[in-house]
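A.B. asks: Any chance you can model this:
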Amino acid sequence: MVREIQRLRLADSRCPLPASRFPLRSTCLGVFAETDLGSHSRMKDFRNLDVWRLAHETVLVVYRATESLPAVERYGLTSQIRRSAASIAANIAEGCGRDTDQDFARFAVIAAASANETEYHTILARDLGYIDEPTYDHLCGLIGRVRAMLTALIRTLRL
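C.D. replies: Residues are numbered from 1 along each chain as shown. Here you go, the predicted structure:
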C-alpha cells in the first residue's frame, strides 16, 4: 500500500508547489505527513496531500484566468467555473476530515466530478473566445493531472 500511496505523490517537477517537508505515512484516512506527535497519532491535515495542493493551484489559475472575462459573465460563466474549481479542493479537504476511507473516497469522487465540470466550463470559455488557447491548454493540463491523482486516490482508498 505504501508504494501505491507514493505514486499519488506529485512527481511532475513543473508543479510550482513545494513537496511536503515531512515523510509520508499511510493512515486510514489516506496519505498524511508524519508529525512530531509520535507514530501512533494521525494528522488529518488536507494541506499535506499533493492532490489537494495541485487542486488549490488549479483554483488560483482559474481565478486569474477568469479575471478578464466580460462583466456580463460575472454571475454566469465566471461564477460557475470558479465555484466548480474551488469545489475540487473543498471536497478533498472535507473528505480528509471524515472517519473512514469509504467516506473519504465518496468525497474524492465528488471532487473528480467537479473537475469534469470545471473542464467543461474551460472548454466553453475557450469556445466563446474568453480565454486563449495557451491558457486553455494550461488549465486542462492541470485539471487532467488533478483528475488522474484523484482516480489513484480513490482506487487506494477503496482497497
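A.B. asks: Name the nearest residue to His138, sequence neighbours excluded.
C.D. replies: Leaving aside its sequence neighbours, His138 sits nearest to Val61 (CB to CB, 6 or more residues apart in numbering; 6.8 Å). C-beta coordinates here come from the backbone N, C-alpha and C atoms, glycine included.
A.B. asks: chain center to the helix or strand containing that neighbour, what's the gap?
C.D. replies: Applying DSSP states H and E as the criterion places Val61 in helix 50-66. Distance of helix 50-66 from its chain centroid, counting by CA atoms, centre = their mean, to the nearest Å, is 8 Å.
A.B. asks: Centre of the chain to the longest helix that the chain contains, how far?
C.D. replies: Taking DSSP state H as the criterion, the chain has its longest helix at helix 101-127. Centroid displacement of helix 101-127 relative to its chain, using CA atoms, centre = their mean, is 9 Å.
A.B. asks: and after that helix, which helix or strand comes next?
C.D. replies: Counting by DSSP H and E, the next helix or strand C-terminal to helix 101-127 is helix 133-157.
A.B. asks: Rounded mean pLDDT for the helix holding Val61, please.
C.D. replies: For helix 50-66, mean pLDDT rounds to 97.
A.B. asks: and stretch 143-152, which residues are buried?
C.D. replies: 143, 145-147, 149-150, 152 (16 or more other CB atoms under 10 Å).
A.B. asks: just those now: which is nearest Asn116?
C.D. replies: For the buried residues of stretch 143-152, the residue nearest Asn116 by CB to CB is Arg147; the value is 7.4 Å.
A.B. asks: wait, what's in contact with that closest one?
C.D. replies: Applying CB atoms under 8 Å, 6 or more residues apart in numbering to Arg147 gives the contacts 112, 115-116, 119.
A.B. asks: can you redo these as a markdown table with distance to Ala86, neighbour count and pLDDT?
C.D. replies: A markdown table is the format used below for the contacts of Arg147 (distance: CB to CB, whole Å; neighbours: other CB atoms under 10 Å; pLDDT from 0 to 100):
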| residue | distance to Ala86 | neighbour count | pLDDT |
| --- | --- | --- | --- |
| Ala112 | 15 | 21 | 98 |
| Ala115 | 12 | 27 | 98 |
| Asn116 | 15 | 13 | 98 |
| Glu119 | 15 | 20 | 98 |
